[in-house]
Each structure stands twice: as structure tokens, then as C-alpha cells.
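Visitor: Provided below for reference: sequence and predicted model.
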Amino acid sequence: VDEKVISENVDEEIVEVMNGCICCTVRGDLVEALKKLYNRVEQFNGVIIETTGLADPAPVCQTFFIDEDIQEKYKLDSVITVVDTKYILERLAEEKPEGVENESVEQVVFADKILLNKIDLAENEDHLKKIESKLKSLNPTASIQRCKH
């Protein structure tokens, strides 16, 4: 779903989950866009939602579990995260102020699949193995695919 379908200037809704805590925001415009897309497209294999590199994946993922219509019409198949070989260790180590999440860590933890991109920029094979080890320590179940572009 690209920026032409979903407006950036839409108020977000706060959603209270079953345990009573308010843990995330779900964009009402994403729900509406998915509903409209379902009604417009006769048949499709899937929908890819691309977020920015700074996005917390939780609200997008929760969209598929909170709205009953979306649950009936769509199935969240996977969360794919692209990490930059050159900068990922630095990003994962960033200290954030109290109450602020490290988006890079969140993206790795939420991922089913991790694309380790720009491997040609790695210092050497040991550097790649160090990165993969760190990623696996955060998310032992995610598959990691090396890629160059």
C-alpha cells in the first residue's frame, strides 16, 4: 500500500487491548485502505505493506488481529525486515532515552525473515558471521538471507 492510498495526515487511533493496557496505535486509514482494496480487487495473491526504516512494526502487525473484518479478509503471512550490513550493529547498539524503543531492535525481533543487505560492504566473512550471530541472539527463529542490493 503506497503513500497515494494512505494519507500521512490522518489521526491515529489508540487501541485498548484485552489485558487492559494501551500498548500501541493502529492507523485507521490502513484498516480502511485494506477494506477498500479488498472490495476493488477481484483476486490477488497478497498485499505488501512497506514501512519506513524507522517504523515500529507492531501497530501494522496488530492491524491484522484487532479488526474483525481484516481478520476475515486477510492473513498476515510474514514480516520481512531488511537490515543494512554496514550499519546494523551500530543501530542495534544505539542507546535510547527511557521509554523510547530502539526501532532497529523492534524490527529484528518482529521479523520472520531478515534480509541482510549490502553484504558486499562487509569487512569480511567474520564480520558477516558476527552480524548474523547478533541477529540470531535477538530473534533465533527468523531466517536470514544474505543479499547484495
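Guide: Alright, I've got the coordinates. Residues are numbered from 1 along each chain as shown.
Visitor: nearest spatial neighbour of the spatially most central residue of the chain, skipping sequence neighbours?
Guide: Taking C-alpha atoms, centre = their mean as the criterion, Pro57 is the residue nearest the geometric centre of the chain, at 3.6 Å. Leaving aside its sequence neighbours, Pro57 sits nearest to Phe110 (C-beta to C-beta, 6 or more residues apart in numbering; 4.2 Å). Bear in mind the C-beta positions are built from the backbone N, C-alpha and C, glycine included.
Visitor: got a list of what the one you found touches?
Guide: 57-58, 61, 79, 81 (C-beta atoms under 8 Å, 6 or more residues apart in numbering).
Visitor: quick one, grab the pLDDT at it.
Guide: Reported pLDDT at Phe110 in the predicted model: 91.
Visitor: against Asp77, how distant is it?
Guide: 14 Å (C-beta to C-beta, to the nearest Å).
Visitor: ok, now Asp69?
Guide: Distance from Asp69 to Asp77, by C-beta to C-beta: 18 Å.
Visitor: over to Asn102?
Guide: Distance of Asn102 to Asp77, computed by C-beta to C-beta: 26 Å.
Visitor: have a look at those two and say which one is more surrounded.
Guide: Taking other C-beta atoms under 10 Å, Asn102 and Asp77 do not tie; Asn102 has more neighbours (15 against 12).
Visitor: look up phi and psi at the more buried one.
Guide: phi -80, psi 110 (degrees, to the nearest 10).
Visitor: and Asp77, by the same measure?
Guide: phi -90, psi -50.
Visitor: from memory it sits against Gly46, does it?
Guide: Yes: using C-beta atoms under 8 Å, Asp77 makes contact with Gly46 at a distance of 6.6 Å.
Visitor: thinking again about what came up before, export the contacts of Phe110 as JSON lines, with columns for distance to Gly28 and secondary structure.
Guide: Output for those, formatted as JSON lines (distance: C-beta to C-beta, whole Å; DSSP: H, G, I helix; E, B strand; the rest coil):
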{"residue": "Pro57", "distance to Gly28": "18", "secondary structure": "helix"}
{"residue": "Ala58", "distance to Gly28": "16", "secondary structure": "helix"}
{"residue": "Cys61", "distance to Gly28": "16", "secondary structure": "helix"}
{"residue": "Val79", "distance to Gly28": "21", "secondary structure": "coil"}
{"residue": "Thr81", "distance to Gly28": "25", "secondary structure": "strand"}
